[in-house]
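Asks: Please find the sequence and the predicted model below.
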Amino acid sequence: MASFLKLRWISKSFSTLSSTPLRICVVGSGPAGFYTAEKLLKAHGSVEVDIIDRLPTPFGLVRSGVAPDHPETKIVTNQFSRVAQNERCSFIGNVSVGSSITLPELREMYNGVVLAYGAESDRSLSIPGEELADIYAAREFVWWYNGHPDCRNLAPDLKSSDTAVILGQGNVALDVARILLRPTAELARTDIASHALAALEESTIRKVYLVGRRGPVQAACTAKELREILGIKDLVIHIKQADLVTTPADEIEMKNNRIRRRVYELLSKVVTTGHAPVPGQRELHFVFFHKPDRFLESDDRSGRLGSVRLEKTTLKGDESMKQVAVGTGVYEDISCGLALKSIGYKSVAIDGLPFDNYKGIVPNLGGRVLANASQGDMQYETGLYVCGWLKRGPTGIIATNLYCAEETIACISDDINKGVLSFKSIKPGRKGLLELLDSRNTRVVPFDAWEKIDLEEKRLGNLKNKPREKLATWEELLKIPGE
């Protein structure tokens, strides 16, 4: 299979290229990777770009992270598809750096390598009981309902309790809360994975607690996301009036940050319009000024989650500094059957790559990878660059990666102009990569194979009045391109 694809790709005509094109490999096909490729192709007419990804499917978090009820956010995949169809660009899926090929091998084959593989792990709370069943990272839950093949068999228990606790109050936390609380008849019209929809249709969860260490002024969500969850039909919102009392420091924060003021105003309006729930009605509880202390085991289900113990916090700090939450020694327990930790994604290191484990990023300056940042000598890894969450941490929206890519491309362009990256240095690039993968019997998935997957998902979705029915197992995803 790989040999066939290799020959087909090598036969592409590159009439616009010089006889020795500069060959760049982008690792990761999410927004950071595609924006990097797009800007490289526009800035340099004699550059050839290959985008590789460990999944058979492109688009990264646009496919596996954006909520199924946010189709407008996914329109950017049309733009990315045009990049992949450029004659100087290729998408090569099902290639994992570290197992299919090493980073040193990639660097030998290409003039430059841009790492944009994002954050596929999670921060830990490091509190007692975190190993109990029924506790998941929000990322895992998101991947589960979005049909990511790594989490197809997650199978969260949504039927043993009526309560879920979400630790965190950012946009991802609001996403998972909304999926748990939104009527499944509405979700059925989205591209949510069928296995997740079936589980949600049988879910007994009626109460979701969103827990934040600080107050409503410091809530990490945006007004748009908050407005959306507050607008769920027949949902009862609970916020303690006392939590909405602001301090002079809070007022300064809101004066300096329009988004925080708007979020606070939305939450304040909810309190005045709230009403008592009727039996079986779905409820969303905002719990401010509390932090997780430990997870407690169920009394009647060994090894399973029974409740979350929270410690009440208070804010320390004044108008001139960030207010931080500190514990007060007062505790309370919330009984629940599901806990989701939405406390931040974390990038993972690969062999041969400098990595800052504390910050969870590759040490870099403007996108150039630093060889040894701890020594402060600013020595760069020649031809090695970084973009996206791996560069700056898991922050921002999809469009943030556009500006992030521009900064990294400026570094690459500067290195081309200075001769650090030279057209005189002939590298095998795509041809060498495909030959090596073929020798290792790695089954690669090019973009036209992804297009077959795309068509099949849309065909299956049409049968159910959905935009698409995602193929959610590795077997399914690798079967379609070979048919």
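Replies: Good, I have the coordinates.

Asks: Start from the N-terminal end of the stretch 51-200 of the chain and give the strands.
Replies: Along the stretch 51-200 of the chain, the stretches classed as strands by DSSP state E, counting those that start in this stretch are 89-93, 112-115, 121-122, 135-137, 163-167.

Asks: Determine which stretch of these is the most buried.
Replies: strand 112-115 (a mean of 28; mean count of other Cβ atoms under 10 Å). To be clear about C-beta, it is placed using only N, CA and C from the backbone, and glycine gets the same treatment.

Asks: Might one say that residue 229 is in contact with residue 174?
Replies: Yes: contact status for residue 229 versus residue 174: in contact at 5.3 Å, counting by Cβ atoms under 8 Å.

Asks: before we move on, back to that, comparing the strands of the stretch 51-200 of the chain, which yields the minimum mean pLDDT?
Replies: Within the strands of the stretch 51-200 of the chain, the least confident segment by mean pLDDT turns out to be strand 121-122, at a mean of 92.

Asks: Which neighbours in the sheet does that one have, and how are they oriented?
Replies: Looking at strand 121-122 with DSSP bridges, its paired strands and their directions are strand 345-346 (antiparallel).

Asks: what's the nearest residue to residue 96 if we skip its chain neighbours?
Replies: Spatial nearest neighbour of residue 96, excluding adjacent residues (Cβ to Cβ, 6 or more residues apart in numbering): residue 54 at 3.9 Å.

Asks: which sections of the stretch 251-400 of the chain are below the confidence cut-off?
Replies: For the stretch 251-400 of the chain, residues meeting the criterion pLDDT under 70 lie at 272-277, 318-320, 373-377.

Asks: can you pull out the helices in it?
Replies: Counting by DSSP state H, counting those that start in this stretch, the stretch 251-400 of the chain has these helices, from start to end: 258-273, 389-392, 400-417.

Asks: For residue 286, name its beta-bridge partners.
Replies: Where residue 286 sits in a bridge, its partners, by DSSP bridges, are residue 210.

Asks: which of the helices of the stretch 251-400 of the chain sits most buried?
Replies: Mean neighbour count, computed with mean count of other Cβ under 10 Å, is highest for helix 389-392 among those, reaching a mean of 25.

Asks: In terms of secondary structure, what does that helix contact?
Replies: Contacts of helix 389-392 with other secondary structure elements, assessed using 3 or more Cβ pairs under 8 Å, 6 or more residues apart in numbering; DSSP states H and E, are made with helix 31-43, helix 400-417.

Asks: Can you add distance to residue 71 and give these back as CSV?
Replies: Below are the helices and strands packed on helix 389-392 laid out as CSV (distance: least, Cβ to Cβ, whole Å):
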stretch, distance to residue 71
helix 31-43, 16
helix 400-417, 19
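
Asks: for the stretch 1-150 of the chain, what spans make up the helices?
Replies: When assigned using DSSP H, counting those that start in this stretch, the helices of the stretch 1-150 of the chain occupy the ranges 2-10, 31-43, 61-64, 76-84, 103-109, 138-145.

Asks: Now the weakest link among the ones you listed, please, by mean pLDDT.
Replies: Looking over these, mean pLDDT reaches its minimum on helix 2-10, with a mean of 44.

Asks: Is residue 304 in contact with residue 296, as I believe?
Replies: No: with contact taken as Cβ under 8 Å, residue 304 and residue 296 are classed as non-touching, separated by 10.5 Å.

Asks: thinking again about what came up before, and residue 90, which of the helices of the stretch 251-400 of the chain is closest to it?
Replies: Taking Cβ to Cβ as the measure, the helices of the stretch 251-400 of the chain were each checked against residue 90, and helix 400-417 came out nearest at 18.3 Å.

Asks: Show residues contacting the closest one.
Replies: Taking Cβ atoms under 8 Å, 6 or more residues apart in numbering as the criterion, the residues outside helix 400-417 that touch it are 22, 24, 30-32, 35-36, 38-40, 43-44, 112, 114, 366-368, 383, 385-388, 391-392, 396, 421.

Asks: ok, now which ones touch the residue nearest to residue 96?
Replies: With contact set as Cβ under 8 Å, 6+ apart, residue 54 has these partners: 94, 95, 96, 97, 100, 117.

Asks: Residue 240: which of the strands of the stretch 51-200 of the chain is closest?
Replies: Where those are weighed against each other on Cβ to Cβ, the nearest is strand 163-167, at 16.4 Å.

Asks: can you give me the end-to-end distance of stretch 220-234?
Replies: As for stretch 220-234, its first-to-last residue distance stands at 25 Å under the measure Cα to Cα, to the nearest Å.

Asks: Enumerate the positions of that stretch that are buried.
Replies: Within stretch 220-234, the residues that qualify as buried are 220, 221, 222, 223, 225, 226, 228, 229, 230, 232, counting by 16 or more other Cβ atoms under 10 Å.

Asks: which among the residues you listed gets closest to residue 356?
Replies: When the buried residues of stretch 220-234 are compared for distance to residue 356, the smallest value, 22.5 Å, is given by residue 220; criterion: Cβ to Cβ.

Asks: need the strands for the stretch 351-483 of the chain, in chain order.
Replies: Listed from the start of the chain, the stretch 351-483 of the chain has strands (DSSP E, counting those that start in this stretch) covering 364-365, 368-370, 380-386, 445-446.

Asks: about what we covered before: in CSV, list the contacts of residue 54 along with neighbour count and pLDDT.
Replies: Rendered in CSV, the data for these read as follows (neighbours: other Cβ atoms under 10 Å; pLDDT from 0 to 100):
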residue, neighbour count, pLDDT
94, 23, 97
95, 23, 98
96, 15, 96
97, 23, 96
100, 19, 96
117, 26, 96
